[in-house]
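A.B. asks: only geometry, no sequence info:
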Ligand SMILES: Nc1ncnc2c1ncn2[C@@H]1O[C@H](COP(=O)(O)OP(=O)(O)OP(=O)(O)O)[C@@H](O)[C@H]1O
């Protein structure tokens, strides 16, 4: 479904400040794969997301969706296949616009011209119905400005917006990291529900080791631009946080250095 073939990305190549962000990444993701992504600081996790979503192009290699190469397509052209939620709850929404205006914008994503941003009665009913599924009362606040919502409410809305038009791929970039534990748990639960209902191929970057083990059906670990560990579901089920950290040390020869690491 999503294939990365020999993908590499260097920053400031040939200078003293050269940084290897991705080095010869080869990965295949099957439909419905829910992959958690962990790694040390600067391992290349965000660059991986950026290269898939089209924020940046790889220096070499291919990004394929269902066999078609997309690495040269700009981000907006990929948005019909790819939804993304960022760590910053403000990143995926327009704070000065209302909830329904934000949803109307998400609704037109990837659609041909002619689908306006206008909020018709039928769209409003659809938005209300979708918001109801989040279970936090946003369906009664359609005209509230998004900038006035709490971080958890905005992140729930971002998640809904990213998946509104049923993309095939969902990229989650530490999307619960800025929330307090109870809100983070709510967003995690919503994520699991939406991912399984829509059968989205999902990559989720997290610094929470326990979450990386508990969620999804596959775990990948990155270090210095490479995938150093790819753990399938069967092994992941019995894995512990200390085993995971031990594996990192064994393969990389160093301790996991991550200033945002959460062990459990
Ligand atoms: N725009 C950029 N310009 C220069 N170097 C960059 C840029 N973006 C990332 N890098 C470098 O590329 C490497 C990979 O960065 P990336 O942000 O992908 O890592 P990460 O795994 O997401 O890190 P973290 O967990 O610390 O956020 C790092 O060495 C980083 O300093």
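C.D. replies: Received it, and whenever you're ready, just let me know what you need. Note that the coordinates shown come from a computational prediction; the quantities given were computed from them, not determined experimentally.

A.B. asks: Give me the neighbour count for the closest residue to the ligand within the stretch 101-250 of the chain.
C.D. replies: Closest residue of the stretch 101-250 of the chain to the ligand, CB to the nearest ligand atom: residue 222 (6.3 Å). Any C-beta I mention is one placed from the backbone N, CA and C, and that applies to glycine too. Look at residue 222: counted by other CB atoms under 10 Å, it has 22 neighbours.

A.B. asks: ok, now residue 29?
C.D. replies: 20.

A.B. asks: Residue 96 too?
C.D. replies: Counted with other CB under 10 Å, residue 96 comes out at 10.

A.B. asks: What are the boundaries of the helices in the protein?
C.D. replies: 45-53, 75-78, 99-108, 121-132, 151-163, 181-198, 209-214, 233-237, 241-252 (DSSP state H).

A.B. asks: burial count for the closest residue to residue 228 other than its chain neighbours?
C.D. replies: Leaving out its chain neighbours, the residue that sits closest to residue 228 by CB to CB, 6 or more residues apart in numbering is residue 251, at 4.9 Å. Neighbour count for residue 251, taken as other CB under 10 Å: 13.

A.B. asks: Name all residues that make contact with residue 251.
C.D. replies: Residues in contact with residue 251, defined by CB atoms under 8 Å, 6 or more residues apart in numbering, are 221, 223, 228, 229.

A.B. asks: do the same with residue 119
C.D. replies: So, once contact is read as CB under 8 Å, 6+ apart, residue 119 ends up touching 100, 101, 104, 127.

A.B. asks: remind me which residues of the stretch 151-264 of the chain are low pLDDT?
C.D. replies: 264 (pLDDT under 70).

A.B. asks: now for the helices of the chain, which one comes closest to residue 36?
C.D. replies: Comparing the helices of the chain by their distance to residue 36 (CB to CB), the top pick is helix 209-214, with 4.1 Å.

A.B. asks: Is the ligand within reach of the closest one?
C.D. replies: No: Helix 209-214 stays clear of the ligand (CB under 6 Å from any ligand atom), getting no nearer than 12.8 Å.

A.B. asks: Quick one: list the elements packing against that helix.
C.D. replies: If contacts are counted by 3 or more CB pairs under 8 Å, 6 or more residues apart in numbering; DSSP states H and E, helix 209-214 sits against strand 34-39, helix 241-252.

A.B. asks: switch the cut-off to 10 Å
C.D. replies: Secondary-structure packing of helix 209-214 (3 or more CB pairs under 10 Å, 6 or more residues apart in numbering; DSSP states H and E): strand 34-39, helix 181-198, strand 201-205, strand 218-223, helix 233-237, helix 241-252.

A.B. asks: and of the helices of the chain, who's closest to residue 25?
C.D. replies: helix 45-53 (7.0 Å).

A.B. asks: Great, nothing more from me.
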